[in-house]
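Student: no sequence on this one, just coordinates:
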């Protein structure tokens, strides 16, 4: 299996991009990544595109050739493949692109993620966001994604003594980091009091515990590591790319406060890379809801089960901590364009590992982890990225 | 790159399966394939699932973990990846599964395709079938997929003298083959007069020039060729797996009677396999519309440009011909459950290459080709399969 490296990264601003179409944001990120990789479109061998719901949102399927077409590459006849796994679509596209280069059939590929969520009246209804939950066991009874995560939060509080303030500390951290990220949907800082005092969505989760729905796109160029140095002084190697699934419905889990898909994907990833959680200095994790960040930190192996709330609140995962999470602002502040999230996580990690993250830089970071989750954990994808020079 | 083989195949009946859910048909095909491969679910390393429109049709995204879950594998935490490219979704899932095994990261994987199209009032409207066409350049002006293919047909007739009867001969052949396939949606035979005399959909295409919308699922188990003989006396090697894209809108093509995505994907596939069109004895091609079969035969290299109509009508691609096409009945008679089509094509080829195709058997077939198309050719996927023993 060939070693695969990230050679270039690109990203649009995340937010309410009402003046720009799905097509436009899709290509902006890709062009940035290509320029960053010092490659031309002539070098590209294919596109792997993560997107969750363009069919339901804009009546448009088959969007990989669409994006190639609007990028001016329609007559180049490149392969284009769209990959979908709810909120994990972007990381799944990266996994597919990784396999393509690792196999040897492809050399340079673009992995993109794009989603346009704010042009429809209500993307939180059953048709869109909740289509990543189980229609027949959950959604049909009125459960939405925030409601399902709220069940997990309640149980976590009951079982481990996690407090409302512990949850809120995740959002406070996210906005503090987002304030330093020019691409972030939200750049305002929050206080613990603001988060706790915000109106309820599904108790204990309030308005400020839930990531926004955003428009946005992100892209990375992958290629064989051995060729990477010609393009980049600091090629970032993909040390592991692993996927694991779980039951669709929360009620069918053995233990609802544990994301087994994340436990297994992380275990496989650390095995593949021959590294351990303690080796990781920067991580982008799934904070679509404040509770999802806490269980993820536990299930990735960064902290003992049940301890993430207290540890997070104490600053263990903030600037200066052993592992700094979501320097991008995470889904909570950078934003949550479903299919773009997993790719944007890797864009941030590459910037960190190159030492290009400016105000957000974690000094001396050499190993980063990205965790992307679909629904309430039916899919988890874990990538490990490593600076090799 | 490791050689990859098909070890097992399975398929549900195609048709109006009103008494069976998406979930049920998805697992039936997979279990058949697993049994056929003489493997247990313990051997499986992952699922790659082709589906076009479950989000729009049944409000359900993230269906790869869903199918794993209902198959009883939710607690095995296998990787699950859904792949989409309009009508080419199934073959794209096969491409992704092929890359997974070829890379060495996966050993045995299930590739499935499933679609449930007949439980909604009208799947031919803009929301579903036409979501594989270009929303902003075609669909918004009222163009549907049959209307776009009708434009191609008119031009082909004008440019090359293709007749209405030539088109109709494709449907007659499909139903003749479908009559021998117990899984086919339609098993009735048709006469040329019936096809020509059927009511118009978009002239020159009539009701019987257009494949039906079907429910159905198909699955294949892939594994490394070197391990294949332990499971199968006649392992079928994937000699090539190639994807190419084109502009989304027909009007942006250099030549509307040519599917450049098919031309390029086929060229790459024959190069990869070091074979030529004349080596192929059995082919499953895209006859969603009678015209699409004719241009496909030309663009795959089986017949000179413009000659497919006359040659088809003369029986060149029927039983006893040098290359026999769509022994399954094709999309026209076997049926057209979008995401399942590309996988079902490979199921039929494997049966042919094993010599298991019963009444439909093409004697001595050793090399087969499958061509799966999305929309009007924005995506084409070409696979070559080879009997190695």
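Tutor: Nice, thanks for sending it over. Since the model is a prediction, treat every value here as computed from it, not as a measurement.
Student: residues near residue A:24, how many?
Tutor: Neighbour count of residue A:24, defined by other CB atoms under 10 Å in any protein chain shown: 15. In this view, the C-beta of every residue, glycine as well, is placed from N, C-alpha and C.
Student: try residue A:366
Tutor: Neighbourhood size, residue A:366 [other CB under 10 Å]: 15.
Student: residue A:18 and residue A:120 touch, don't they?
Tutor: No - the pair residue A:18 / residue A:120 is not scored as a contact, 11.5 Å apart, by CB atoms under 8 Å.
Student: hmm, who's touching stretch A:39-49?
Tutor: Residues outside stretch A:39-49 that contact it (CB atoms under 8 Å, 6 or more residues apart in numbering or on different chains): A:7-8, A:26, A:30, A:34, A:63-64, A:67-68, A:71-73, A:76, A:78-83, A:93-94, A:96-97, A:100, A:106-114, A:221, A:231, A:339, B:243.
Student: what about the strands in chain A?
Tutor: Taking DSSP state E as the test, the strands found in chain A are A:4-11, A:46-50, A:80-84, A:109-115, A:200-202, A:205-206, A:216-224, A:236-245, A:282-284, A:324-325, A:367-374, A:379-387.
Student: now the first one, how far from the centre of its chain.
Tutor: It refers to strand A:4-11. Centroid separation for strand A:4-11 versus its chain: 15 Å, with CA atoms, centre = their mean, to the nearest Å.
Student: kindly report the same for the third one.
Tutor: The offset between the C-alpha centroid of strand A:80-84 and the centroid of the whole chain comes to 17 Å, using CA atoms, centre = their mean.
Student: for the longest one, same thing?
Tutor: Averaging C-alpha positions (CA atoms, centre = their mean) puts strand A:236-245 13 Å from its chain's average.
Student: what is that strand packed up against?
Tutor: strand A:4-11, helix A:89-103, helix A:260-273, helix A:338-354, strand A:379-387, helix B:63-68, strand B:80-84 (3 or more CB pairs under 8 Å, 6 or more residues apart in numbering or on different chains; DSSP states H and E).
Student: mind checking the pLDDT average for the longest one?
Tutor: What it means is helix A:338-354. Across helix A:338-354, pLDDT averages out at 98.
Student: need the helix or strand of chain A with the lowest average pLDDT.
Tutor: None of the helices or strands of chain A scores lower by mean pLDDT, DSSP states H and E than helix A:54-58, at a mean of 84.
Student: name the residues that touch stretch A:190-200?
Tutor: Residues outside stretch A:190-200 that contact it (CB under 8 Å, 6+ apart): A:164-165, A:167-169, A:171-172, A:175-176, A:206-209, A:290.
Student: mind checking pLDDT for residue A:127?
Tutor: On pLDDT, residue A:127 comes in at 63.
Student: and chain A, split by domain according to the record?
Tutor: A:4-122+A:214-228, A:138-210+A:238-387 (automatic domain parsing).
Student: so which of these comes closest to residue B:145?
Tutor: For residue B:145, the closest of the domains of chain A is domain A:4-122+A:214-228, at 11.3 Å, according to CB to CB.
Student: coming back round to it: quick one: which of residue A:18 and residue A:120 has more around it?
Tutor: Using other CB under 10 Å as the criterion, residue A:18 and residue A:120 rank with residue A:120 on top: 15 against 10.
Student: many thanks, have a good one.
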